[in-house]
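**Student:** Kindly return the folded structure for what I paste below:
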Amino acid sequence: MFPLVPLFALIAIFGGGATLLWYEQLSKEQKQEADRLAAQYAKQIYSKAVNELSREQANHVARLTRQHFAK
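**Tutor:** Reported below is the predicted structural model:
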């Protein structure tokens with residue numbers, strides 16, 4: 001059986017790195033909007049602050065935030 005934990009760890013590392021690169025390319029105003037949206041998504045979906053999310057929840061919130069800017 002293929003070890004899943006190392007695979008999940010690699011996905012998390014690359015996903016987090018991609019999110020950071022995306023975020024750093026935003027303007028100051030867009031960063032503020034992304035931060036506001038992430039906090040809003042975290043509160044709406046999980047009833048938590050961003051810093052209280054699990055890794056999986058944080059990845060989901062980051063994905064939703066990136067999708068918002070892709071529109």
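**Student:** Secondary structure element for the residue positioned nearest the centre of the chain, which one?
**Tutor:** Against the mean C-alpha coordinate of the chain, by C-alpha atoms, centre = their mean, the closest residue is Ala62 at 2.0 Å. Using DSSP states H and E, Ala62 maps to helix 55-70.
**Student:** which residues are in contact with that helix?
**Tutor:** Helix 55-70 is contacted from outside by 12, 15-16, 19, 22, 26, 30, 34, 37-38, 41-42, 45-46, 48, 50, 53, using C-beta atoms under 8 Å, 6 or more residues apart in numbering. Every C-beta, even on glycine, is put in place using the N, C-alpha and C of the backbone.
**Student:** For the protein, which segments are assigned as helices?
**Tutor:** 4-24, 28-46, 55-70 (DSSP state H).
**Student:** export these to JSON lines and tack on mean pLDDT?
**Tutor:** Formatted as JSON lines, these follow (pLDDT from 0 to 100):
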{"stretch": "helix 4-24", "mean pLDDT": "78"}
{"stretch": "helix 28-46", "mean pLDDT": "93"}
{"stretch": "helix 55-70", "mean pLDDT": "88"}
